[in-house]
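Enquirer: Provided below are the primary sequence and the corresponding predicted coordinates.
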2 protein chains.
Amino acid sequence: MARNSHTARYDDDADNSWSCGSWFEYIIVVVLSTIFLIGALVLVIYWAVQHGNGFAWSEDPQKQFNLHPVLMVAGFITLSGFSILLYRLCRCLKHIYVKLLHMFFHACAVPCVVIGFLAVLDSHNLANPPIPNFYSLHSWLGLVTMGLFATQFVVGFFSFLVLLCCEDATYSCRAAMVPIHASFGLANFMLAIATCVSGITEKAIFKLKEDYSKWTEEGIILNALGATLIALGILVCFAVRRSNAPATAKVYVTERL
Amino acid sequence: MARNSHTARYDDDADNSWSCGSWFEYIIVVVLSTIFLIGALVLVIYWAVQHGNGFAWSEDPQKQFNLHPVLMVAGFITLSGFSILLYRLCRCLKHIYVKLLHMFFHACAVPCVVIGFLAVLDSHNLANPPIPNFYSLHSWLGLVTMGLFATQFVVGFFSFLVLLCCEDATYSCRAAMVPIHASFGLANFMLAIATCVSGITEKAIFKLKEDYSKWTEEGIILNALGATLIALGILVCFAVRRSNAPATAKVYVTERL
């Protein structure tokens, strides 16, 4: 009974139509988030190439380090950010395709995160003298972020895709999981931003030392990267909010199973 | 018409009753959030007294600095965190009292933030040689956090308290503002956590230098403070989530005007 009324909600185009203001907000969110998500990746790649001498694997631990910020921003910010937002913003596709795209973007983030993690471990262990691991707040936050990401990915995959095989029997279980998955997903994205911000601060102080306070180009680029990530955090918090309007009026992210 | 059905929702105790699981979750959230919110404040005070030699005003700029982390954690984390959570968790008071308490806690945070900001400015300017201001990512994030906090405070005060004087005429306006105020409020709390985390990283590297990697007590306390703040971020994101259940079943934060 509840199921039917729920399904019917999405079929009712009249109830689901948007006002001009909603469309304006929608377009602003899509444009700004695309600019910030790609902008963050461009900034970190520019920094790695221009100020870190590019990339390498274990033959050059200093250049290998540069893979860490680039791949972590690509995985945890750009791909995960697009994945979160397309779930909220994709209005024209069938819901199962949106779910698969959501999972696909997160799946693409997995190798980025794994290689980015190995790159920093290698670059620390192969440095001369070796740099200690897991003592800093940044590394602690990184471990929590990766753990929560892995948990969300596995739980999300089983709850919302595998359990679909017996759609009706698992409906109430999936329905209960949606707000939990959505809130932990948002927490994970904000946690990734906090981890990035602490990593940027660490790098800026370790590398630039007293030059950091002299407004050098490298310092400004690192700060601009941090500011872009913070702008993204605010934008994503705003984009995935839920309306007070009656449930029939709009389809928001956490209302969809 | 919409107004009446909305008001009626909160008067219907049968619809608003909670299951055993919901009460269990509620108690866990209340207990853990209280521990973490007070724990963060205790940790930062312990750090300032034990490792920073206590507090002073401009007669001793080094001790004056210690007021900055303590007052910022008190204002942006402990008081704001209690303010956010009591809005979500206070189920027994009349809604207007919950609103007034929400504003009262945020109002108490204002002097903490102002004095904390003046303390760091003074301690930088009066140091010998003076320490430059506003060059680091932490300071940029701090300015954005304070700006968003001030905007939220002013908009919240006018929208949800002053406009109550003409309750019915402003209902739809206030209803539209609720999810925006709630999502920017959550973003502001997460932003404050990211700012704290970058500040802790800055302080640990500037003060401890290579000792940071040697697991000294001070380094562990600073990391534990950062980890507590991150645990709080995840907990608050979870606590203010909204249910998928019918709107009549539970009263969540962003449903209340």
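Expert: Looks like it came in fine.
Enquirer: So which bits of the one helix or strand residue A:220 maps to are buried?
Expert: In this assignment (DSSP states H and E), residue A:220 forms part of helix A:217-239. Of the residues in helix A:217-239, A:218-219, A:221-239 count as buried by neighbour count, 16 or more other C-beta atoms under 10 Å in any protein chain shown. The way it works is simple: take the backbone N, C-alpha and C, and place the C-beta from them, glycine included.
Enquirer: where exactly do the helices run in chain A?
Expert: Counting by DSSP state H, chain A has helices at residues A:2-11, A:20-51, A:61-65, A:67-72, A:80-89, A:95-125, A:137-160, A:171-208, A:217-239.
Enquirer: one step back: would the helix holding residue A:220 count as contacting chain B?
Expert: Yes - Helix A:217-239 reaches chain B (C-beta under 8 Å from any C-beta of the partner chain) through A:219, A:222-223, A:226-227, A:230, A:233-234, A:237-238.
Enquirer: now do stretch A:86-97
Expert: No - using C-beta under 8 Å from any C-beta, we find that stretch A:86-97 stays clear of chain B, coming within 12.0 Å at best.
Enquirer: Equivalent analysis for stretch A:199-211, please.
Expert: Yes - Stretch A:199-211 reaches chain B (C-beta under 8 Å from any C-beta) through A:200-202, A:204-206.
Enquirer: same question, stretch A:44-62
Expert: No - contact of stretch A:44-62 with chain B (C-beta under 8 Å from any C-beta) is absent, the minimum separation being 13.0 Å.
Enquirer: what distance separates the start and the end of that stretch?
Expert: 16 Å (C-alpha to C-alpha, to the nearest Å).
Enquirer: what's next to that stretch, contact-wise?
Expert: Residues outside stretch A:44-62 that contact it (C-beta atoms under 8 Å, 6 or more residues apart in numbering or on different chains) are A:63-67, A:69-70, A:73, A:119, A:122-124, A:126-127, A:217-218, A:221-222, A:225.
Enquirer: Let me know the average pLDDT across it.
Expert: Stretch A:44-62 shows a mean pLDDT of 93.
Enquirer: now swap in stretch A:20-36 and tell me
Expert: On average, stretch A:20-36 scores 88.
Enquirer: What of stretch A:98-109?
Expert: What stretch A:98-109 shows for mean pLDDT is 94.
Enquirer: try stretch A:125-143
Expert: 94.
Enquirer: any idea how far it is from the chain center?
Expert: 23 Å (C-alpha atoms, centre = their mean, to the nearest Å).
Enquirer: Would that stretch count as contacting chain B?
Expert: Yes - Stretch A:125-143 lies within reach of chain B by C-beta under 8 Å from any C-beta, at A:131-132, A:135-138, A:140-141.
Enquirer: how about the CA coordinates for that stretch, as CSV?
Expert: Extracted C-alpha coordinates of stretch A:125-143, given in CSV (Å, rounded to 0.1, in the frame of the first residue of the first chain):
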residue,chain,number,x,y,z
ASN,A,125,59.2,4.6,2.8
LEU,A,126,61.6,5.0,-0.2
ALA,A,127,62.6,8.6,0.8
ASN,A,128,66.1,9.0,2.2
PRO,A,129,65.8,9.2,5.2
PRO,A,130,62.4,7.4,5.3
ILE,A,131,59.5,9.7,6.4
PRO,A,132,57.3,8.2,9.3
ASN,A,133,53.7,7.2,8.5
PHE,A,134,50.5,7.7,10.3
TYR,A,135,51.6,10.1,13.0
SER,A,136,49.9,13.2,11.7
LEU,A,137,46.2,14.3,12.1
HIS,A,138,46.0,14.3,8.3
SER,A,139,46.9,10.6,8.1
TRP,A,140,44.5,9.7,10.9
LEU,A,141,41.7,11.5,9.1
GLY,A,142,42.7,9.9,5.8
LEU,A,143,42.3,6.4,7.4
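Enquirer: Which residues does that stretch contact?
Expert: With contact meaning C-beta under 8 Å, 6+ apart, stretch A:125-143 is reached by A:58, A:61-62, A:64, A:72, A:117, A:121, A:123-124, A:191, A:194-195, A:198-199, A:202, B:197, B:200-201, B:204, B:212-215, B:219, B:222-223, B:226-227, B:230.
Enquirer: how many other residues sit next to residue A:93?
Expert: 12 (other C-beta atoms under 10 Å in any protein chain shown).
Enquirer: same for the helix holding residue A:220, what does it pack against?
Expert: helix A:20-51, helix A:80-89, helix A:171-208, helix B:137-160, helix B:171-208 (3 or more C-beta pairs under 8 Å, 6 or more residues apart in numbering or on different chains; DSSP states H and E).
Enquirer: hang on, the earlier thing: which of the residues of stretch A:199-211 next to chain B count as buried?
Expert: Neighbour counting by 16+ other C-beta under 10 Å classes A:200-202, A:204-205 among the residues of stretch A:199-211 next to chain B as buried.
Enquirer: Skipping its backbone neighbours, what lies nearest the residue positioned nearest the centre of chain A in space?
Expert: With distances taken as C-alpha atoms, centre = their mean, residue A:80 lies nearest the centre of chain A, 3.1 Å away. Residue nearest to residue A:80 in three dimensions, not counting chain neighbours: residue A:109, with 5.4 Å by C-beta to C-beta, 6 or more residues apart in numbering or on different chains.
Enquirer: how near is the one you found to residue A:143?
Expert: Shown here: residue A:109 relative to residue A:143, a distance of 17 Å by C-beta to C-beta, to the nearest Å.
Enquirer: Residue A:32 now?
Expert: 31 Å.
Enquirer: neighbour count winner among these two?
Expert: residue A:32 (16 against 13).
Enquirer: The nearest residue to residue A:71 once chain neighbours are set aside: how many residues sit nearby?
Expert: Excluding the flanking residues, the one nearest residue A:71 by C-beta to C-beta, 6+ apart is residue A:116, at 3.2 Å. Using other C-beta under 10 Å, residue A:116 is surrounded by 23 other residues.
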